[in-house]
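Enquirer: What would the 3D arrangement of this be:
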Amino acid sequence: MLPWVDDIESCAIFLDLDGTIIEIVEHPDAARVAPETLRLLEALREKSQNAVAVISGRELAVIDRLLHPLKLPAAGVHGLERRDAAGMTHLSAPLDLQPITFVLEKNIGDESGVVVEKKSGAVAVHYRLRPDLERRCCKVVEELVGQRADLRILHGKMVIEIIQKGLNKGDVINAFLSEPPFRGRIPVFAGDDVTDEAGFAAVNSRGGISIKVGAQNTEAQYRAEDIRDLERWLWNLVVEHCEDPAR
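Expert: Okay, the predicted model is just below:
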């Protein structure tokens, strides 16, 4: 059951991307944002007076491409990149992960269906098309990270990611909340994966609203059954009823 919110203008809204407002697809490059989702984001931004941000494992450049023509405040690569509401970009100095990428591509990247995705400061191994290779992918990644004190592993839905140690989604939510137009508002964060748990914890500590999309086993206070359930709730924040006017 999702909570009732009296006034969206008192909220700072943070949304994960894949699995939260867009469907997870077999290949990360195949993801698309539906026109009605873009209309929803624009409506949320207008109604909340610009206090909407995307918090994603994707890079900022990819977030902008997916949400075009919108360009929202956003955090990418689980917090290693952040663009504030004033348009200023804050970046952690990225490590050179090319040697690790080379090993991943050599050992598992040639397997049909396994995708090695290069990012700034991170490398993701997607095995959605080859769930039978999960154990092998995890073993290779764990052996690589075990040799590096400056890296950590993030497990997600059919993906395992090597990322440099540093900020997480909770840290960047707190950073946004220290700045206008988010400052002084009640934080709302929706996400769907293990990588969103730090964001849920940060929002809970501030008395906000944390929403897990999908299965339980989470620190989130509330649960949306799926993306459509969350969309209906978000439209309700905008128009004060449960039906999406775009349909």
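Enquirer: alpha carbons only for contacts and neighbour counts from here, please
Expert: OK.
Enquirer: what's the residue most central in space within the chain in contact with, if anything?
Expert: Nearest to the mean C-alpha position of the chain, by CA atoms, centre = their mean, lies S56 at 2.6 Å. Neighbouring residues of S56 by CA atoms under 8 Å, 6 or more residues apart in numbering: L15, D16, L17, D18, I63, A74, A75, G76, V77, H78, G79, K169.
Enquirer: Tell me which helix or strand E142 sits in.
Expert: For E142, the host element (DSSP states H and E) is helix 134-145.
Enquirer: which helices and strands does that helix pack with?
Expert: Contact partners of helix 134-145 among helices and strands, from 3 or more CA pairs under 8 Å, 6 or more residues apart in numbering; DSSP states H and E: helix 98-104, strand 151-156, strand 159-164.
Enquirer: Is L66 in contact with V33, as I believe?
Expert: Yes - applying CA atoms under 8 Å as the test, L66 and V33 come out as touching, 6.1 Å apart.
Enquirer: coming back round to it: got the buried residues for the helix holding E142?
Expert: Of the residues in helix 134-145, E134, C137, C138, V141, V145 count as buried by neighbour count, 16 or more other CA atoms under 10 Å.
Enquirer: More neighbours: which of L66 and V33?
Expert: Neighbours of L66 and V33, each counted by other CA atoms under 10 Å, are more numerous for L66; the result is 19 against 16.
Enquirer: how much space between that one and V145?
Expert: Distance, L66 to V145, by CA to CA, to the nearest Å: 30 Å.
Enquirer: L40 now?
Expert: Going from L40 to V145 by CA to CA gives 39 Å.
Enquirer: With A190 instead?
Expert: 29 Å.
Enquirer: cool, and I209?
Expert: Taking CA to CA, one finds I209 at 34 Å from V145.
Enquirer: Could you list the low-pLDDT ranges of the protein?
Expert: By pLDDT under 70, the low-scoring segments of the chain are 110, 240-247.
Enquirer: which stretches of it form strands?
Expert: With DSSP state E as the criterion, the chain has strands at 11-15, 52-55, 74-76, 81-83, 89-91, 115-119, 122-126, 151-156, 159-164, 186-191, 209-213, 222-224.
Enquirer: The second one packs against which elements?
Expert: Right, strand 52-55. strand 11-15, helix 35-47, strand 74-76.
Enquirer: Can you give me the domain assignment for this structure?
Expert: Per automatic domain parsing, the structural domains of the chain span 8-92+167-239, 98-164.
Enquirer: Distance from the shortest one to the middle of the chain?
Expert: In other words, domain 98-164. 18 Å (CA atoms, centre = their mean, to the nearest Å).
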